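Trainee: Just to be clear, the model below is a prediction. Sequence and coordinates:
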Amino acid sequence: MITIIGSINFDLIARSPKLPEPGETLTGRDFSTAAGGKGANQALAAARAGVPVRMVGAVGSDAFAPQAVALLRAEGVDLTRVATRGDATGIALITVEDSGENTIIVIPGANGLVTEDDVNVADLDGGFLLLQMEVPLPALEKAIATSETSDTTCILNTAPWRDDAASLLPRADIIVANETEFDLASIQLELNGADRKAKMIDFAEHYGRTVIVTLGAEGVMVATPDEHYSLPALAIKPVDTVGAGDTFCGYLAAGLDSGLTLRDACQRAAKAASLACLKAGAQPSIPYAAEVQ
C-alpha cells in the first residue's frame, strides 16, 4: 500500500509559441483544464502503475473540487481521507511553450490547510509513504516522524523546493529531486564534492540514505550508501513536460511496493516519465503500466 500525503490542484493551462518575458503579453494558441497537484499526480501515477493507493489531502468547497479528484476516483484511489476545507481548491496557472517547457504559478487554497491531524488519520502502518512540498511544513514533519516509528518507508520528493524544509531530507529514506532542487539542497546541507555526483555520494554516505536526481532527457542519477549509478531516459520529442517528475515519483513508489529492486524501479519510472512528456496536461499524460511495459 502506498499512502500519499500531498496537494490536490486544478490546473488552468495556456499554450503559446514561447514563454512570455517579464511585462510581455503574448497571444496564446489554446487553453485547457486538467486535474493536478503534485500529491494527486503522484497518486494517479502509482495507481496506473497497478498498486493500491490512498490519498491524504484537502480540497475546497468550490466547483473545482469534484473535477480535481475525478481521475483519482476513476482509477480507484482511496479518497476517504481527503477533507473538504475552506472555500478554494488549489489552483495551478500553467503556461506551456512549443518546446514543451513550462512556467507554473500555484495558489495553494485548501492545500495550505492540511494539518498534523490529517497525518494522524492517515493511519501509517508500514508500506510506502510518498511526500512532496506543496503542503504546510508541520504536516510534512509529522508525516516523516510518524514514518520513522511505524516501519513505513518514506519517499520525499523535494518539489517545489523550500529552504525551510532542507532539514527534513536526511530523515527520509529516499530523496527524489531534480537537478536544480538537489543543487539548492547541497548548499543548505553543506554537502562536499566537486560536482553533483560527488555531492550525491556524500549525502548518501553521510546520512545513510538514498538520493535520486532526475535529469530530464539525461535520465536519472542514483546514490545509495553502497553504490551509485546512472540510468537513461527514453529519447523523445516532448509535447509537455508538466507532470513528468510526478509520474517518476509515483512509478518509483509503485515499483518498490511491487518488490522491484531500486535500480529496476528507477528504470521503469524513468521510462514512464518520458512517456508522460508525449501528451498534454499533468494527469491526462500519465501512462498506464501496459504502456510502460
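Mentor: Happy to help now that I have it.
Trainee: for the stretch 151-293 of the chain, what spans make up the strands?
Mentor: Using DSSP state E, counting those that start in this stretch, the strands of the stretch 151-293 of the chain run over residues 153-157, 174-178, 210-214, 220-223, 228-231.
Trainee: surely Val51 meets Asp257?
Mentor: Yes. Between Val51 and Asp257 there is a contact under C-beta atoms under 8 Å: 5.0 Å. Where you see a C-beta, it was placed from the backbone N, CA and C, and this is true even at glycine.
Trainee: circling back to that earlier point, just put the strands of the stretch 151-293 of the chain in JSON lines and tack on mean pLDDT, mean neighbour count and distance to Arg81.
Mentor: Shown next, in JSON lines, are the strands of the stretch 151-293 of the chain (pLDDT from 0 to 100; neighbours: other C-beta atoms under 10 Å; distance: least, C-beta to C-beta, whole Å):
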{"stretch": "strand 153-157", "mean pLDDT": "98", "mean neighbour count": "24", "distance to Arg81": "17"}
{"stretch": "strand 174-178", "mean pLDDT": "97", "mean neighbour count": "24", "distance to Arg81": "22"}
{"stretch": "strand 210-214", "mean pLDDT": "98", "mean neighbour count": "25", "distance to Arg81": "27"}
{"stretch": "strand 220-223", "mean pLDDT": "97", "mean neighbour count": "22", "distance to Arg81": "30"}
{"stretch": "strand 228-231", "mean pLDDT": "95", "mean neighbour count": "15", "distance to Arg81": "33"}
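Trainee: As TSV, those strands with distance to Gln188 would be great.
Mentor: Listed next are the strands of the stretch 151-293 of the chain as TSV, based on distance: least, C-beta to C-beta, whole Å:
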stretch	distance to Gln188
strand 153-157	14
strand 174-178	12
strand 210-214	14
strand 220-223	17
strand 228-231	21
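Trainee: Common neighbours of Val51 and Asp257, please.
Mentor: Listed as contacting both Val51 and Asp257 by C-beta atoms under 8 Å, 6 or more residues apart in numbering are Met1, Ile2.
Trainee: hey, which helix or strand in the protein has the poorest pLDDT?
Mentor: Least confident helix or strand of the chain, by mean pLDDT, DSSP states H and E, is strand 102-107 with a mean of 86.
Trainee: Can you dump the C-alpha atoms of that strand in CSV for me?
Mentor: Written as CSV, here are the backbone C-alpha positions of strand 102-107 (Å, rounded to 0.1, in the frame of the first residue of the first chain):
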residue,chain,number,x,y,z
ASN,A,102,6.6,25.5,-18.9
THR,A,103,6.1,28.0,-16.1
ILE,A,104,3.8,27.4,-13.2
ILE,A,105,2.2,29.6,-10.5
VAL,A,106,0.4,27.7,-7.7
ILE,A,107,-2.3,29.1,-5.4
